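K.L.:
Here is my input, please return the structure:
(chains A and B)
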Amino acid sequence: MTALRQRQTIAVLALVGFFVALYLWLHALGVGGPLKCGTGACETVQTSPWAVFLGFPVAFYGVVGYGALFVVAIVAMRPAALGRRGWSSMLFAMASLGLLFTLYLTYAELFLIHAICRWCVTSATIITAIWVLTFLALRTDRAASPPRQDPQA
Amino acid sequence: MNRFYVVLAVLAVVLGVAVFALLKTGGGAPAAAAGPPPAVVDDGFRGYTLGSSDARVEITEYSDFECPFCANFATVQMPTIRDQLIQTGKVQWRYRDYPLPVHKYSRFAAHAAQCAGEQGKFWDMHDQLFYHHQWAQTGKDPNSLFQQFAHDAGLDVNKYNACMESGRYAARIEFSRQEGENKLVDGTPTFFINGKKFDGPRATSDVFKQIADSIIAHSPPKPHVSAGHEHEEKDHFVH
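P.N.:
Numbering: from 1, shown residues only, chains lettered A, B, ... in the order given. As a prediction, the model looks like this:
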């Protein structure tokens, strides 16, 4: 997969994640009725003490995080940015932060709340896919970068 | 490159519409169960009870599922009362609904408990509603959370949903509220011990135990009508 294709895929995934988080955030703000959750236990998760982090609904961090990932992925698609490793590193760092937060939330669901929310699983899948892509992009960039030249040679 | 941005824009619109539709069609508390009924009918129901009907003390509780004091009583005092007074045959406990108008989902919660009672699970739902009382603090529509409670309480959720949609117990709940009003219930929880309003400063298991022991010590035992009533009576329909 080329660097452009990788960043396009990251942008698409981040956009989907953004809307999933937006739905959960709007619900947390009291907009609309109960969550559409099928047989999951979304309300149990959303009304638990772990649904709020540092005074904000956890979905709010998802909106901000996915929004930032989307913008950075779009900016990193410019021809001038495609060959620069700094963008891959930034995307990897952001995805890693998101993945760590998701791991904390998944731990809370499984071992503290004892309930699973389908929307949270969807978000966890998206951020994991984004993290894998950014990790692969970083490795590709490292392999493609020319060896450092000794100026004295 | 340009085609990608068009695809992205279309995807954003589709996802935006999907989120809007999800919020719009999220459903809500069935109106029939959430509001007061058009008419009040006495169907002969006088509340679910716990304990032996032979007990010499009957405590009637007028309660509201959304009331924080009721939740505190149910989770802190009630376990001891069940152990020391109800299961020992000293007290029969009767639950009556008294939904306060300041609480948005009181009637809805009371209806959920009645629908659980229809499947023999009133007290299980009672415990679900009081032990997971965070629903009453969010102000959000608890419909799907109550479905989760119904599932956790072991109910047939399809039957529960049909019951909630029908709102068939709304009149019963309003009858109970009016009954409480006639007895000068002025807040929740309010207790009546053998028909007399409890005016003590604190309704605790210790206080109820003292009162029950005092009544039992000063009253003759009820004549036995039939044997086999010593076990805990669950979801008893009283006419």
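K.L.:
contacts, neighbours, all on C-alpha from now
P.N.:
OK.
K.L.:
what bits of chain A have low per-residue confidence?
P.N.:
A:1, A:30, A:32-34, A:38-40, A:43, A:47, A:143-153 (pLDDT under 70).
K.L.:
Spatially central residue in it, please.
P.N.:
residue A:127 (3.7 Å; Cα atoms, centre = their mean).
K.L.:
Distance-wise, check the closest residue to residue B:35 other than its chain neighbours relative to residue B:58.
P.N.:
Nearest residue to residue B:35 in three dimensions, chain neighbours excluded: residue B:107, at 6.5 Å (Cα to Cα, 6 or more residues apart in numbering or on different chains). Distance of residue B:107 to residue B:58, computed by Cα to Cα, to the nearest Å: 25 Å.
K.L.:
Give me the more crowded residue out of those two.
P.N.:
residue B:107 (27 against 23; other Cα atoms under 10 Å in any protein chain shown).
K.L.:
what's downstream of the helix or strand encompassing the more buried one, the next helix or strand?
P.N.:
Assigning secondary structure by DSSP states H and E places residue B:107 in helix B:106-118. For helix B:106-118, the succeeding helix or strand toward the C-terminus, using DSSP H and E, is helix B:122-131.
K.L.:
burial of the residue nearest to residue A:105 when sequence neighbours are not counted, as a residue count?
P.N.:
Among residues not flanking residue A:105 along the chain, residue A:50 sits closest, at 7.7 Å (Cα to Cα, 6+ apart). Around residue A:50 there are 16 other residues, counting by other Cα under 10 Å.
K.L.:
Correct me if wrong: residue A:50 contacts residue A:108.
P.N.:
Yes - counting by Cα atoms under 8 Å, residue A:50 does reach residue A:108; the two are 7.0 Å apart.
K.L.:
Mind jotting down where the strands sit in chain B?
P.N.:
B:48-50, B:57-63, B:91-97, B:190-193, B:196-197 (DSSP state E).
K.L.:
Check which helices and strands the fourth one sits against.
P.N.:
Think strand B:190-193. strand B:57-63 (3 or more Cα pairs under 8 Å, 6 or more residues apart in numbering or on different chains; DSSP states H and E).
K.L.:
now the strand it packs on: how far from the chain's centre is it?
P.N.:
Distance of strand B:57-63 from the chain centroid (Cα atoms, centre = their mean, to the nearest Å) equals 14 Å.
K.L.:
can you check stretch B:167-176 too?
P.N.:
For stretch B:167-176, the distance to the chain centre is 12 Å (Cα atoms, centre = their mean).
K.L.:
Would you mark the buried spots in it?
P.N.:
Neighbour-count burial for stretch B:167-176 flags B:167, B:168, B:169, B:170, B:171, B:172, B:173, B:174, B:175, B:176 (criterion: 16 or more other Cα atoms under 10 Å in any protein chain shown).
K.L.:
for stretch B:97-109, same thing?
P.N.:
B:97, B:98, B:99, B:100, B:104, B:105, B:106, B:107, B:108, B:109.
K.L.:
How about the contacts made by residue B:131?
P.N.:
When contacts are counted by Cα atoms under 8 Å, 6 or more residues apart in numbering or on different chains, residue B:131 touches B:71, B:74, B:75.
K.L.:
so of those, which ones are in helices?
P.N.:
residue B:71 (DSSP state H).
K.L.:
Nearest to chain A among the contacts of residue B:131?
P.N.:
Distance to chain A across the contacts of residue B:131 (Cα to the nearest Cα) is lowest for residue B:71, with 16.8 Å.
K.L.:
Verify the stated contact: the closest one with residue B:133.
P.N.:
Yes - counting by Cα under 8 Å, residue B:71 does reach residue B:133; the two are 6.9 Å apart.
K.L.:
Neighbour count: these two, which is higher?
P.N.:
Neighbour tally, residue B:71 and residue B:133, criterion other Cα under 10 Å: the higher count belongs to residue B:71, 24 against 18.
K.L.:
Name the nearest residue to that one, ignoring sequence neighbours.
P.N.:
Per Cα to Cα, 6+ apart, closest to residue B:71 is residue B:130, 4.9 Å.
K.L.:
any chance you could map the helices in the chain?
P.N.:
Just going to use chain A. Going by DSSP H, chain A shows helices at A:3-28, A:42-46, A:58-75, A:79-82, A:85-107, A:118-144.
K.L.:
nope, chain B please
P.N.:
Under DSSP H, chain B gives helices at B:2-24, B:31-34, B:68-72, B:78-81, B:106-118, B:122-131, B:135-138, B:143-152, B:157-166, B:170-182, B:205-217.
K.L.:
Which of the ones you listed comes out lowest on mean pLDDT?
P.N.:
Here those differ in mean pLDDT, and the lowest is helix B:31-34 at a mean of 69.
K.L.:
Spell out which residues of chain B are next to chain A.
P.N.:
B:4, B:8, B:12, B:15-16, B:19, B:22-28, B:134-135, B:138, B:140-145, B:148 (Cα under 8 Å from any Cα of the partner chain).
K.L.:
Any idea how many residues pack against residue 77?
P.N.:
Using chain A. Neighbours of residue A:77 (other Cα under 10 Å): 20.
K.L.:
To clarify, I was referring to chain B.
P.N.:
Neighbourhood size, residue B:77 [other Cα under 10 Å]: 16.
K.L.:
circling back to that earlier point, I'd like the distance between the residue nearest to residue B:71 and residue A:24.
P.N.:
25 Å.
K.L.:
And the two? Which one has more around it.
P.N.:
Neighbours were tallied for residue B:130 and for residue A:24 using other Cα under 10 Å; the higher tally belongs to residue A:24 (25 against 22).
K.L.:
ok, back up a step: could I get the helices of chain A in CSV, plus columns for distance to residue B:50?
P.N.:
Written out in CSV, the entries for the helices of chain A read as follows (distance: least, Cα to Cα, whole Å):
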stretch, distance to residue B:50
helix A:3-28, 38
helix A:42-46, 28
helix A:58-75, 41
helix A:79-82, 72
helix A:85-107, 39
helix A:118-144, 38
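K.L.:
so which of those comes closest to residue B:117?
P.N.:
Closest approach to residue B:117 among the helices of chain A is made by helix A:42-46 (22.5 Å; Cα to Cα).
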